[in-house]
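Enquirer: Attaching a predicted model along with its sequence, questions to come.
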Amino acid sequence: MSSSYLIRIKGFTLPLSVASEGAMGRTGSWRTFKPVINYSKCIKCYLCWLHCPFSVISKDSSGVVIDYEYCKGCGICYDVCPTKAIVMVPER
Amino acid sequence: MVVLPLTGNYAVAWAVKRARVKVIAAYPITPQTTIVEKLSEMVENGELDAKMIRVESEHSALAAVYGAAIAGARAFTATSSHGLLYMHEVLWWVSASRVPLVMAIVTRAIGPPWNIWTDHSDLLDQRDTGWIISMAESNQEAFDLTLQAFKITEDDRVNLPMIVGLDAFILSHTTAPVDVLEQEDVDRWLPERKQLYVIDPNNRFSLGNIASPKDYMMFRYDIEKAMDNARRVILEVDREYGKVFGREYGGLVECYKCSDAKYTVVAMGAWAGDAKEAIDILRDNGYAVGVLRIRFIRPLPVNEILNYLSGMKGVIVLDRSVSFGAGGQLFTEVSSILASRGRPPAMKGVIAGLGGVDVSYSEIKDIVLKFINEVEDQGWFIKRQEWFMPYEYSFKDYG
């Protein structure tokens, strides 16, 4: 649970929790491949933003930006990118 | 009062309609199919304002109505046998999320070998999932239980899902007169849906996140607490229903002529009706016999079993299912409760009617009479189980 308290309604403890950033730890350290955006190829279609299962891609004036603190490097953004503007670079 | 000739399955569908269910999802499986077939007809012709979701499996069917229920909709599904087993995982999700939801189970044998007839193994396989589990004796009771299930599950003190069980074909496909009540009367009796929480995009939370061992234990403790509350709620709803609509069944159990009985037959489901006929004949022959019909196997009617059966000379339990290596589930549960207090009655479990084998009232009469004679001859210490299978078999040995 992200919170140190248990949510209780009408006397019953419920398996609910309030979502908060980093509740599951800094998952960026799990990465073996890092998605890197080539902005000259990005057409701002936002497919990567839509498909990211961890919501670590946000919209930005430059197009999209990846939060590497939490990106697990699953490569779905790389897979859906229609212009191959995302490349997967091995982590050292 | 609106009396219609209905099969058990159609009676369930009518109760779902009367409860103004908003979301239904199901995958067809014999003998449940005609419940959702009737419901989809009702949705199609505008009689029932509900969304019918077509899914690719039973696992998805329960998952779909689970989502709808969390979002605040009164929801319903139905299944049998292998479909129910395939749903099994999601049953735990629903109960542990504390979401009111109602499901009809038309009890059917589990394969292999393939068999579509009644057997309580599929229903009893769900005993430990945290669902309230009931079993009807008649089409009318299948209607009444389904309707009551919405009120029981949505009660503030409960918030657990409920199964309404009915025997394959004996009830599901057999027509009998059923009072389906007036819609206005049901609307007055059944309040708007209530639940502990509703998914709301403006007030975000996550459900079922990882929990520490000690937190997990608290969630489980509260399910048990809710089950305990359900005992009282089931009784209250039964009494209130009796006052408003004129049909009261007795709560967790129905006691038929067992108050002055020395011997009692314990049974669950449609064949409890045959047991009643059997003991009527035995009573005509001077035997003080009664029937304790289990209406709810979860929560287990512990106090009722103790109150009604502790003072009996003999208790015989009919099981239409078997937990391999332990015997009939009803017998093991009833006998363990009785053995916990004082000197227990003589107890015997009889496993019969598996895979839809027809067990007539006269066979039940013979089974009970044999037990009475055994106890009279051998005393109170009897505690054993038997398989009732006086059938002709022919074998061909291949090795």
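Expert: The structure has been received and is ready for your questions.

Enquirer: quick one: pLDDT of the residue in the stretch 1-150 of chain B that chain A sits nearest to?
Expert: Residue nearest to chain A within the stretch 1-150 of chain B: B:R98 (5.9 Å; C-beta to the nearest C-beta). Backbone N, C-alpha and C define where each C-beta goes, glycine included. On pLDDT, B:R98 comes in at 97.

Enquirer: Can you get me a residue count around it?
Expert: 26 (other C-beta atoms under 10 Å in any protein chain shown).

Enquirer: Also B:L292?
Expert: B:L292, neighbours per other C-beta under 10 Å, totals 27.

Enquirer: Look through the stretch 51-200 of chain B and state the residue closest to chain A.
Expert: B:L196 (4.6 Å).

Enquirer: Wait, that residue touches B:N159, no?
Expert: Yes. Assessed by C-beta atoms under 8 Å, B:L196 is found in contact with B:N159 at 5.3 Å.

Enquirer: Neighbour count: those two, which is higher?
Expert: Just comparing B:L196 and B:N159: by other C-beta under 10 Å the higher neighbour count belongs to B:N159, 26 against 19.

Enquirer: sec struct for the residue lying closest to that one once chain neighbours are set aside, please.
Expert: Once flanking residues are discounted, B:N159 sits nearest to B:R98: 4.6 Å by C-beta to C-beta, 6 or more residues apart in numbering or on different chains. Three-state assignment for B:R98 (DSSP: H, G, I helix; E, B strand; the rest coil): coil.

Enquirer: ok, B:R98 touching B:L196?
Expert: Yes. B:R98 lies in contact with B:L196 (C-beta under 8 Å); the separation is 5.7 Å.

Enquirer: any shared contact partners between the two?
Expert: Applying C-beta atoms under 8 Å, 6 or more residues apart in numbering or on different chains, one finds that B:R98 and B:L196 are jointly contacted by A:12, A:14, B:159.

Enquirer: give the contact list for the last one.
Expert: When you say that, I think you mean B:N159. Neighbours of B:N159 in contact, by C-beta under 8 Å, 6+ apart: A:10, A:12, B:98-100, B:153, B:195-196, B:226.

Enquirer: As TSV, those residues with distance to B:Y361 would be great.
Expert: As requested, those are exported to TSV (distance: C-beta to C-beta, whole Å):
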residue	distance to B:Y361
A:K10	46
A:F12	44
B:R98	42
B:V99	41
B:P100	38
B:T153	34
B:Q195	43
B:L196	45
B:A226	38
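
Enquirer: Tell me where the stretch 201-350 of chain B has helices.
Expert: Secondary structure of the stretch 201-350 of chain B (DSSP state H, counting those that start in this stretch): helices at B:213-245, B:271-284, B:302-309, B:329-338.

Enquirer: Same check on chain A?
Expert: Along chain A, counting by DSSP state H, helices occupy A:47-51, A:76-80.

Enquirer: closest one to A:M88 among the ones you listed?
Expert: helix A:76-80 (5.1 Å; C-beta to C-beta).

Enquirer: returning to what we had before: what residues does the residue of the stretch 1-150 of chain B closest to chain A make contact with?
Expert: By C-beta under 8 Å, 6+ apart, the contact set of B:R98 is A:12, A:14, B:159-160, B:196, B:222-223, B:226.

Enquirer: returning to what we had before: now the helices of the stretch 201-350 of chain B in JSON lines, please, with extra columns for distance to B:L145, mean neighbour count and mean pLDDT.
Expert: What follows is the helices of the stretch 201-350 of chain B, written out as JSON lines (distance: least, C-beta to C-beta, whole Å; neighbours: other C-beta atoms under 10 Å in any protein chain shown; pLDDT from 0 to 100):
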{"stretch": "helix B:213-245", "distance to B:L145": "10", "mean neighbour count": "16", "mean pLDDT": "97"}
{"stretch": "helix B:271-284", "distance to B:L145": "14", "mean neighbour count": "20", "mean pLDDT": "98"}
{"stretch": "helix B:302-309", "distance to B:L145": "17", "mean neighbour count": "18", "mean pLDDT": "96"}
{"stretch": "helix B:329-338", "distance to B:L145": "18", "mean neighbour count": "21", "mean pLDDT": "96"}
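
Enquirer: Can you tell me which residues in chain A are near chain B?
Expert: By C-beta under 8 Å from any C-beta of the partner chain, the residues of chain A that approach chain B are A:1-2, A:6-7, A:9-10, A:12-19, A:23-24.

Enquirer: Kindly recompute the last result at 6 Å.
Expert: Residues of chain A lying near chain B by C-beta under 6 Å from any C-beta of the partner chain: A:1, A:6, A:9-10, A:12-19.

Enquirer: Check the gap between B:A15 and B:V186 for me.
Expert: 9 Å (C-beta to C-beta, to the nearest Å).

Enquirer: scratch that, B:V3
Expert: Using C-beta to C-beta, B:V3 is found at 15 Å from B:V186.

Enquirer: Would you mind telling me which of the two has more residues around it?
Expert: Per other C-beta under 10 Å, whichever of B:V3 and B:V186 has more neighbours is B:V186, with 19 against 11.

Enquirer: Nearest spatial neighbour of that one, chain-adjacent residues omitted?
Expert: Nearest one to B:V186, counting by C-beta to C-beta, 6+ apart, is B:R18 at 4.5 Å.

Enquirer: What is the neighbour count of the one you found?
Expert: Residues within reach of B:R18, counting by other C-beta under 10 Å, total 23.

Enquirer: Next: the one 10 residues further on.
Expert: The number of residues packed around B:P28, counting by other C-beta under 10 Å, is 16.

Enquirer: same deal with A:L16?
Expert: Around A:L16 there are 20 residues (other C-beta under 10 Å).

Enquirer: residues touching it, list them.
Expert: A:7, B:205, B:207 (C-beta atoms under 6 Å, 6 or more residues apart in numbering or on different chains).

Enquirer: would you list the residues you listed in TSV and tack on distance to B:I281 and neighbour count?
Expert: What follows is those, written out as TSV (distance: C-beta to C-beta, whole Å; neighbours: other C-beta atoms under 10 Å in any protein chain shown):
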residue	distance to B:I281	neighbour count
A:I7	57	16
B:F205	60	14
B:L207	54	15
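
Enquirer: I'd like these as JSON lines, with pLDDT and distance to A:G73 appended.
Expert: Rendered in JSON lines, the data for those read as follows (pLDDT from 0 to 100; distance: C-beta to C-beta, whole Å):
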{"residue": "A:I7", "pLDDT": "91", "distance to A:G73": "32"}
{"residue": "B:F205", "pLDDT": "84", "distance to A:G73": "28"}
{"residue": "B:L207", "pLDDT": "89", "distance to A:G73": "27"}
